[in-house]
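Chemist: The sequence and its predicted three-dimensional model are supplied below.
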Amino acid sequence: MNKKLANKRPERILWLDLEMTGLSAENDLILEAAAIVTDWNFTEIATYEGVVKSDSKQLLERLALNASFWDANPATRDNLLKQNPGGKDLFEIEDEILAFIDEHFKPGLPVLLAGNSIHMDRRFIVAKWPRFDARLHYRMLDVSAWKVVFDAKFKKSFNKPDEHRALSDIRGSILELQYYLTSIK
């Protein structure tokens, strides 16, 4: 990556959340992807949502391997299973995300990715969507790092609802970062 481009301050942020069958980027499946573009005041500029269609047998196998999580979140699991048949191919979702980026970010500049535990989403992007990964900045804005600092140092925590649905989880992450930022003013 060109060092001059890498050091240019991004004007916008690409908030992303993926819902997956588990945490193995090599073996688990992406079920749902959502993105929100914001400015640095966290004003929403645009949103994207996509459902990835997976082979039903493979999907059920991966969910079964991660049953301890999914059995604790049955409504989310059932909704994700219900929407699977209407989903799109994994690479079609990547194409849509790239078109979304092209529409809202300057060409040629790396895109700053943000979210909660965003490194996990990035692992899936690296493993499954290399063209998307190529558009991203090497730096990421990880809200969970703020959570660790504020909890350990200031005993402050944000009660973020975990719906395990991509778009609502992103909005929760944005609210959480705003909470931490207003705490230090």
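Modeler: That came in fine, so what should we check first?
Chemist: ok so Phe132 is a helix residue?
Modeler: Yes - assessed with DSSP: H, G, I helix; E, B strand; the rest coil, Phe132 lies in a helix.
Chemist: Surely it and Val126 touch.
Modeler: No - taking Cβ atoms under 8 Å as the definition, Phe132 is not a contact partner of Val126, at 9.2 Å. Using the backbone N, CA and C atoms, a C-beta is placed for each residue, glycine as well.
Chemist: out of these two, which sits in the busier spot?
Modeler: Phe132 (21 against 13; other Cβ atoms under 10 Å).
Chemist: Pull stretch 14-22 out as CSV, backbone CA atoms only.
Modeler: Written as CSV, here are the backbone C-alpha positions of stretch 14-22 (Å, rounded to 0.1, in the frame of the first residue of the first chain):
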residue,chain,number,x,y,z
LEU,A,14,-17.2,1.8,7.0
TRP,A,15,-18.9,0.1,9.9
LEU,A,16,-19.3,-3.6,9.3
ASP,A,17,-20.8,-6.6,11.0
LEU,A,18,-21.0,-10.2,9.8
GLU,A,19,-23.1,-12.9,11.3
MET,A,20,-21.4,-16.2,11.0
THR,A,21,-22.1,-19.8,12.0
GLY,A,22,-19.0,-19.7,14.2
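Chemist: Beta-bridge partners for Gly115, please?
Modeler: Gly115 forms beta bridges with Asp142, as assigned by DSSP bridges.
Chemist: For it, grab the count of nearby residues.
Modeler: Gly115: 29 neighbours (other Cβ under 10 Å).
Chemist: who's in contact with it?
Modeler: 15-17, 121, 141-143, 170, 173 (Cβ atoms under 8 Å, 6 or more residues apart in numbering).
Chemist: what's the answer for Asp39, then?
Modeler: Residues in contact with Asp39 (Cβ under 8 Å, 6+ apart) are 11-13, 45.
Chemist: In TSV, list those residues along with pLDDT, distance to Phe91 and secondary structure.
Modeler: Output for the contacts of Asp39, formatted as TSV (pLDDT from 0 to 100; distance: Cβ to Cβ, whole Å; DSSP: H, G, I helix; E, B strand; the rest coil):
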residue	pLDDT	distance to Phe91	secondary structure
Glu11	90	28	coil
Arg12	97	25	coil
Ile13	98	25	strand
Ile45	98	26	strand
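Chemist: circling back to that earlier point, mind picking the one among the contacts of Gly115 that's closest to Glu96?
Modeler: Leu16 (12.9 Å; Cβ to Cβ).
Chemist: So the closest one sits against Thr38, correct?
Modeler: No - judged on Cβ under 8 Å, Leu16 makes no contact with Thr38 at a distance of 11.6 Å.
Chemist: Walking through the chain, point out its helices one by one.
Modeler: Remark: helices assigned in the chain by DSSP state H are 3-6, 56-65, 67-72, 74-83, 90-104, 118-128, 130-134, 143-154, 166-183.
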